[in-house]
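*Asks:* sharing a model that was predicted from the sequence below.
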Amino acid sequence: MGEKDARPCTTDAANVRQTPEERPYYVYMASCEDGSIYTGITTDVARRMAEHLGRTGRGARYTRTHRVTGLVGLWSCRGRSAASVLEARIHRLPRARKDVLLAQPALAEDLAGDGYAPVPEGERERLWRDALERVAAG
């Protein structure tokens, strides 16, 4: 027992399985060509955007008929539960309040409490470009 306790902890972070509450989750808002906004959650923003953009059937049913044109809002969340709460609250907002949230992303905390951080615009734009490249690569 003592020997086991004395060993240093040397786990490779890439090989450690994270629980859903430890894994980083994101809530995103995507603009659609008809002017509507789609809101969802994911652990991999570029992959999920590519799924919405592609015609593989892996995107949401809504985005199959409302083509996604941009990633307009993105928040990092403390786990799946927190992401689901923010997503549900955004879904219930009228369009005018969604527009205010997009203009002032820090308001997510007012909407759903602590545990949400807006992703900087530059990072959001990079993830969108990554998604476009994934779709182009096939």
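*Replies:* Happy to help now that I have it.
*Asks:* quick one: contacts for residue 62?
*Replies:* Contacts here follow Cβ atoms under 8 Å, 6 or more residues apart in numbering; on that basis residue 62 touches residue 38. In this view, the C-beta of every residue, glycine as well, is placed from N, C-alpha and C.
*Asks:* look at it and report its pLDDT.
*Replies:* You'll see residue 62 listed with a pLDDT of 82.
*Asks:* kindly provide the distance from it to residue 136.
*Replies:* According to Cβ to Cβ, to the nearest Å, residue 62 stands 23 Å off from residue 136.
*Asks:* then residue 53?
*Replies:* 10 Å.
*Asks:* share the number of residues neighbouring residue 121, please.
*Replies:* For residue 121, the count of nearby residues is 10 (other Cβ atoms under 10 Å).
*Asks:* before we move on, what about residue 136?
*Replies:* Count around residue 136 with other Cβ under 10 Å applied: 9.
*Asks:* sketch out the low-pLDDT regions of the chain for me.
*Replies:* Along the chain, the model assigns pLDDT under 70 to residues 1-22, 55, 57.
*Asks:* redo that, cut-off 50
*Replies:* In the predicted model of the chain, residues 1-16 satisfy pLDDT under 50.
*Asks:* in the top strand by length along it, which residues are buried?
*Replies:* Criterion DSSP state E: the longest strand present in the chain is strand 68-77. Using 16 or more other Cβ atoms under 10 Å as the test for burial, strand 68-77 gives 68, 71-77.
*Asks:* as JSON lines, the residues you listed with distance to residue 36 would be great.
*Replies:* As requested, those are exported to JSON lines (distance: Cβ to Cβ, whole Å):
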{"residue": "68", "distance to residue 36": "10"}
{"residue": "71", "distance to residue 36": "14"}
{"residue": "72", "distance to residue 36": "11"}
{"residue": "73", "distance to residue 36": "13"}
{"residue": "74", "distance to residue 36": "17"}
{"residue": "75", "distance to residue 36": "19"}
{"residue": "76", "distance to residue 36": "24"}
{"residue": "77", "distance to residue 36": "23"}
